[in-house]
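Trainee: Predicted model follows, preceded by the sequence.
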Amino acid sequence: MSVKPSRADGVTVGYRLATAISYLVNPLILPPIQFALVLGHFGASVSEVQRTTGIGLVFFFLIPLGYVARMVRRGKAATLEIRRQDARTAPFIFGIASYLAGIAALWMTMETARPLLLTLAAIYPVNTAIVAIINLRWKISVHVVSVAGFVVGLLFVMWISHSANTTGLLTVEFVAPLLLLIPLLMWARVRSGAHTTGQVVSGALFGFGMTLAQLLSARGFFWGG
């Protein structure tokens, strides 16, 4: 159960900052950003970056966000965060369907680093499906799962590029500071009353560990052996 802030606490600077961070680091905006960074890292053309990012924005961000916004308008959710555990299953399922449609679109249009980026894209519906199952019994932080998976995905791309003696946008200096997003968001989700400490810690461990495990298990797919 999440810890709800008191009415007085709700007007403090800390609470407002935590809420702002929660909305700015939206789980749905991370996939298109990741796609753009990975393509930029491997030197894709501007047109391909724009096309792939556009697909990410439509299927991984706008369509799922539109569904959640519709829930809010109909009174089925209080905010876009969907803090009620029992209200999360439907958007999870809808999001997975939208992600799969997006992956199909990427499959038909991508060229640069195609196997790797498709693997990264496929992790989103897989992790969402597992989180949806966990959510039936226990509320885990989707925000933290998403940001941890986002960061470890970029770290992995940086690592395999280093192993292949290639350099690009995703350097240690660029990616390492992004690790700070994880504890920052963990603090924000607890401070805003959306989650308990256990729920955000579990989210970080799941997002980091599950994403890394999937990337390692699929490495032969994009390494060609």
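Mentor: Now that the structure is in, tell me what you want to look at. What you are looking at is a predicted structure, and each value in this text was computed from that prediction instead of being measured. Residues are numbered from 1 along each chain as shown.
Trainee: Kindly indicate whether Ala194 is helix, strand or coil.
Mentor: coil (DSSP: H, G, I helix; E, B strand; the rest coil).
Trainee: my guess is it contacts Arg84, does it?
Mentor: No. If you go by CB atoms under 8 Å, Ala194 and Arg84 don't touch, sitting 10.8 Å apart. No exception for glycine: its C-beta is placed from N, CA and C like everyone else's.
Trainee: the more surrounded of these two?
Mentor: Ala194 (25 against 13; other CB atoms under 10 Å).
Trainee: gap between the more buried one and Phe35?
Mentor: 27 Å (CB to CB, to the nearest Å).
Trainee: any idea which residue sits dead centre in the protein?
Mentor: Against the mean C-alpha coordinate of the chain, by CA atoms, centre = their mean, the closest residue is Ser146 at 3.1 Å.
Trainee: Which residue is the nearest non-sequential neighbour of it?
Mentor: Pro27 (3.5 Å; CB to CB, 6 or more residues apart in numbering).
Trainee: Likewise for Gly102?
Mentor: Phe59 (2.7 Å).
Trainee: Give the residue spans of this protein that score low on pLDDT.
Mentor: 1-11, 163-167, 221-225 (pLDDT under 70).
Trainee: change it to 80
Mentor: Scanning the chain for pLDDT under 80 picks out the ranges 1-11, 162-167, 220-225.
Trainee: where along it do the helices fall?
Mentor: Here the chain has its helices, by DSSP state H, at 13-24, 30-41, 46-56, 63-73, 89-109, 114-135, 142-163, 172-175, 181-191, 197-217, 219-223.
Trainee: mind putting the ones you listed in CSV, distance to Thr79 included?
Mentor: Shown next, in CSV, are these (distance: least, CB to CB, whole Å):
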stretch, distance to Thr79
helix 13-24, 9
helix 30-41, 19
helix 46-56, 24
helix 63-73, 7
helix 89-109, 13
helix 114-135, 17
helix 142-163, 13
helix 172-175, 31
helix 181-191, 13
helix 197-217, 17
helix 219-223, 38
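Trainee: The residue nearest to Ala87 when sequence neighbours are not counted and Tyr67, how far apart?
Mentor: Distances taken as CB to CB, 6+ apart place Ala77 nearest to Ala87, at 5.3 Å, with adjacent residues excluded. Per CB to CB, Ala77 is found 10 Å from Tyr67.
Trainee: Show me which of these two is the more surrounded one.
Mentor: The residue with more neighbours, out of Ala77 and Tyr67, is Ala77; 20 against 16, by other CB under 10 Å.
Trainee: ok, that one touching Arg70?
Mentor: No. With contacts counted by CB under 8 Å, Ala77 stays clear of Arg70, the gap being 9.3 Å.
Trainee: Now the phi/psi pair for the closest residue to Ser45 other than its chain neighbours, please.
Mentor: Closest residue in space to Ser45, ignoring its immediate chain neighbours: Thr112 at 7.8 Å, by CB to CB, 6+ apart. Note on Thr112: backbone dihedrals following degrees, to the nearest 10 are phi -70, psi 130.
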